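*Asks:* the sequence and its predicted three-dimensional model are supplied below.
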Protein chains: 2
Amino acid sequence: MTLRPRASAFIATSLDGFIARADGSLDWLDDAQFLIPEGEDCGYREYMASIDGLVIGRHTYERVLTFDPWPYGHTPVYVLSHAPVSVPPTLVGSVHSVQGTPAALVARLGQQGTRHLYVDGGQTIQGFLRAGLLDEITITVVPILLGAGRPLFGPLPHDVDLTLMRSRAYEFGFVQSTYRIDTTD
Amino acid sequence: MTLRPRASAFIATSLDGFIARADGSLDWLDDAQFLIPEGEDCGYREYMASIDGLVIGRHTYERVLTFDPWPYGHTPVYVLSHAPVSVPPTLVGSVHSVQGTPAALVARLGQQGTRHLYVDGGQTIQGFLRAGLLDEITITVVPILLGAGRPLFGPLPHDVDLTLMRSRAYEFGFVQSTYRIDTTD
């Protein structure tokens, strides 16, 4: 038997729970970067060093494609979407277009030896949560209310109990909390 | 001139930002009480000692009316609603049915000498926020996802910038953060 990879999310939200404005823009998050002292990354590098694969949806993929340089280096990235996405030549080998369920992807990656999967993007995180496949989530709350936008969380088939693993307030006003999720498998 | 009272909120939410289920039930919050050690009140008594008036909406009023004993003692309670609510004889003198805007209520209470107003209930908190009249909010995040329910926050006319005043993680898994709100007046 193969073990399924651990799956976790590491994401910033507004205090009212949005990860982006309704049009996808992240201007509020870019502005918040100015609050952060030089050299502080709120644990992102350490987290990235702990993962050996990423799952994102089409929205996140298309946004990240506009970044220069590609932020994920040679870490395998699985773009889980209803229809295949196109992969630019420079990213062939790193980016894999995948269709199917989170469960099928996770089973396949377990067979390939993936140990810790970073699940990113609202739709993809919600899909993993609904499937009982997200093991941990780290939320960094930015001190702003947006009033509207793309929510981190969505409908669930039932309550999901969480265990707080750690929480930290940064002097520049972010609050970062990590929860273990009682998954169903 | 009279000063307007300071207005603040002190409220618990699920990690996905709900203060009650869609039908208003708080079973998940009642269950969470069992996590809390005897004698721990997460700062509620201290907060209550700092306020000299409460504003709630009709939903919250009708729920609190079912509590025995009445939890607010002799602190004046203003029920801000579109239509007048009926006040039982035992609460005449403590509970005041009020129509009008948050701004009008706050102006009136300022003239009466109220210094610190506790604003409770999702609709009422949202109304004060939209009017730029909420000065501070303390949110106690309970480690559960509900997937649906009555949200703490709602639409806003513009972004609202916040300043984190303090944040505390309790060993039983609650995270309580207090934000100062940059109000418009």
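*Replies:* Great, that's in hand. Numbers count the residues shown, from 1 in each chain, chains lettered A, B, ... in the order given.
*Asks:* now the helix ranked longest in chain A, how far from the centre of its chain.
*Replies:* The helix that spans the most residues within chain A, counting by DSSP state H, is helix A:102-112. Offset of helix A:102-112 from its chain centre (Cα atoms, centre = their mean, to the nearest Å): 17 Å.
*Asks:* now do that helix, average pLDDT.
*Replies:* Rounded to a whole number, the mean pLDDT of helix A:102-112 is 96.
*Asks:* after it, which helix or strand is next?
*Replies:* The helix or strand immediately downstream of helix A:102-112 is strand A:116-119, counting by DSSP states H and E.
*Asks:* touching chain B at all, that following strand?
*Replies:* No - judged by Cβ under 8 Å from any Cβ of the partner chain, strand A:116-119 stays clear of chain B, getting no closer than 15.0 Å. (C-beta placed from N, C-alpha, C; glycine too.)
*Asks:* contacts for that strand?
*Replies:* Defining contact as Cβ atoms under 8 Å, 6 or more residues apart in numbering or on different chains, one finds that strand A:116-119 is touched by A:5-10, A:47-48, A:50-56, A:106, A:109, A:125, A:128, A:134.
*Asks:* what about burial for these, which qualify?
*Replies:* Buried residues within the contacts of strand A:116-119, counting neighbours by 16 or more other Cβ atoms under 10 Å in any protein chain shown: A:5-10, A:47-48, A:51-56, A:106, A:109, A:125, A:128, A:134.
*Asks:* next up, the contacts around the most centrally placed residue in chain A.
*Replies:* Here the mean C-alpha position of chain A is nearest to the C-alpha of residue A:120 (Cα atoms, centre = their mean), at a distance of 2.1 Å. Contact criterion Cβ under 8 Å, 6+ apart gives A:9, A:10, A:11, A:54, A:55, A:56, A:60 as the residues in contact with residue A:120.
*Asks:* what residues does chain A put near chain B?
*Replies:* By the rule Cβ under 8 Å from any Cβ, the part of chain A lying against chain B is A:15-17, A:28, A:129, A:139, A:141, A:143-148, A:152-164, A:166-167, A:169, A:173-175, A:177, A:179.
*Asks:* drop anything exposed from the residues you listed.
*Replies:* When burial is judged by neighbour count using 16+ other Cβ under 10 Å, the buried members of the residues of chain A next to chain B are A:15-17, A:28, A:129, A:139, A:141, A:143-147, A:152-154, A:156, A:159-160, A:162, A:164, A:167, A:169, A:173-175, A:177, A:179.
*Asks:* just these: which are in strands?
*Replies:* Secondary-structure check on those using DSSP state E: residues within strands are A:139, A:141, A:144, A:145, A:160, A:162, A:164, A:167, A:169, A:175, A:177, A:179.
*Asks:* how about these in CSV, adding pLDDT?
*Replies:* Written out in CSV, the entries for those read as follows (pLDDT from 0 to 100):
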residue, pLDDT
A:139, 98
A:141, 98
A:144, 98
A:145, 98
A:160, 97
A:162, 97
A:164, 98
A:167, 98
A:169, 98
A:175, 98
A:177, 98
A:179, 98
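*Asks:* for residue B:80, state which of those residues is nearest.
*Replies:* Of all those, residue B:80 sits closest to residue A:145, with 20.9 Å by Cβ to Cβ.
*Asks:* which neighbouring elements make contact with the helix or strand bottoming out on mean pLDDT in chain A?
*Replies:* Taking mean pLDDT, DSSP states H and E as the measure, the helices and strands of chain A show their lowest mean at helix A:58-65, namely a mean of 92. In terms of contacts (3 or more Cβ pairs under 8 Å, 6 or more residues apart in numbering or on different chains; DSSP states H and E), helix A:58-65 is packed against strand A:77-80, helix A:122-130.
*Asks:* okay, that helix in CSV with CA atoms only?
*Replies:* These are the backbone C-alpha positions of helix A:58-65, laid out as CSV (Å, rounded to 0.1, in the frame of the first residue of the first chain):
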residue,chain,number,x,y,z
ARG,A,58,-6.9,27.3,-13.2
HIS,A,59,-7.5,30.7,-11.7
THR,A,60,-4.4,30.6,-9.6
TYR,A,61,-2.4,29.1,-12.4
GLU,A,62,-3.3,31.9,-14.8
ARG,A,63,-2.5,34.5,-12.2
VAL,A,64,0.9,32.8,-11.3
LEU,A,65,1.8,32.6,-15.0
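*Asks:* buried set for it?
*Replies:* Under the neighbour-count criterion of 16+ other Cβ under 10 Å, helix A:58-65 has A:58, A:59, A:60, A:61, A:64, A:65 buried.
*Asks:* can you get me the start-to-end distance on stretch A:93-110?
*Replies:* Start-to-end span of stretch A:93-110 (Cα to Cα, to the nearest Å) is 18 Å.
*Asks:* kind regards, and thank you for your time.
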